[in-house]
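S.K.: I would like the atomic coordinates for the input below:
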Amino acid sequence: LDLSNSGVISIVNPSTRKGLATESAQLPLTQIAEFNAPKDSNGRTLQANHVAVNGNYAYVVSYSNHTISLCTLAESGSLGSNCHDSGAIGLNSPIGIVVSGTNAYITNNASNLVTHCSVGVNGMLSNCQDSGATTLTNPTAITINNSYAYITNFEYNNSSVTICSIQKNGLLNACQQVLN
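M.R.: Residues are numbered from 1 along each chain as shown. The predicted model follows:
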């Protein structure tokens, strides 16, 4: 979990899906309180595999539901109950997401693809398509630095990193697998 934007750490009991502790500048970890896990607009508990924060929005990845939920962050940093479908389509076992400006990149573990989506001013994802990234094997995580995307590939005893250039239109090209 990248905390550089949110400043909040949450510990959740996976069997009950209830939070056990939260740490932030306003609530030190020594103050433990149970809280309910966030729900989507249909009342389903979000099954989070990864989360990315961009401004006032959190994008929650659900591998098993093949979805990305968009949550509006409360002033306290909480996800609250204001979560709904992000608009991302064509996902196949998404497991990682990064948002960079008006671009979102989602790793699809089962299809060996990275999906590129446009990010609207309301946080919604649209115009989702294959990013063009190549040399991927079970991509799991993705991060952006300047004009490059770094994607981790998970294979038993053979994990690697793929580095791709980001084109002006947000799509990825010139991918090379390294650290094999």
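S.K.: from here on, contacts and neighbour counts on C-alpha atoms
M.R.: Will do.
S.K.: in this protein, which residue is closest to the centre?
M.R.: By C-alpha atoms, centre = their mean, the chain has its centre lying nearest to residue 97, at 3.1 Å.
S.K.: doesn't residue 53 make contact with that residue?
M.R.: No: counting by C-alpha atoms under 8 Å, residue 53 is not a contact partner of residue 97; they are 9.7 Å apart.
S.K.: who are the neighbours in contact with the closest residue to the residue nearest to the centre of the chain other than its chain neighbours?
M.R.: Spatial nearest neighbour of residue 97, excluding adjacent residues (C-alpha to C-alpha, 6 or more residues apart in numbering): residue 106 at 4.4 Å. Residues near residue 106 by C-alpha atoms under 8 Å, 6 or more residues apart in numbering: 94, 95, 96, 97, 98, 114, 115, 116, 142.
S.K.: what do you get for residue 108?
M.R.: Counting by C-alpha under 8 Å, 6+ apart, residue 108 has contacts 91, 92, 93, 94, 95, 96, 114, 115, 138, 139, 140.
S.K.: and which of those is nearest residue 157?
M.R.: residue 138 (12.9 Å; C-alpha to C-alpha).
S.K.: Check the spacing between the closest one and residue 72 real quick.
M.R.: Residue 138 sits 30 Å away from residue 72, taking C-alpha to C-alpha, to the nearest Å as the criterion.
S.K.: and if you look at residue 91?
M.R.: Residue 91 is 22 Å from residue 72, by C-alpha to C-alpha.
S.K.: And residue 165, by the same measure?
M.R.: As judged by C-alpha to C-alpha, residue 165 and residue 72 stand 31 Å apart.
S.K.: what do you get for residue 125?
M.R.: Residue 125 is 14 Å from residue 72, by C-alpha to C-alpha.
S.K.: By mean pLDDT, flag the weakest helix or strand of the chain.
M.R.: Within the chain, confidence by mean pLDDT, DSSP states H and E is lowest for strand 18-23 among all helices and strands, at a mean of 43.
S.K.: between residue 91 and residue 72, who's got more neighbours?
M.R.: Taking neighbours as other C-alpha atoms under 10 Å, residue 91 and residue 72 compare with residue 91 leading, 24 against 21.
S.K.: which element is the more buried one on?
M.R.: Taking DSSP states H and E as the definition, residue 91 sits outside all helices and strands.
S.K.: so what's it up against?
M.R.: 66, 67, 108, 115.
S.K.: buried subset of these?
M.R.: 66, 67, 108, 115 (16 or more other C-alpha atoms under 10 Å).
S.K.: Secondary structure for the residues you listed - can I get that in a markdown table?
M.R.: Converted to a markdown table, the buried ones among the contacts of residue 91 look like this (DSSP: H, G, I helix; E, B strand; the rest coil):
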| residue | secondary structure |
| --- | --- |
| 66 | coil |
| 67 | strand |
| 108 | strand |
| 115 | strand |
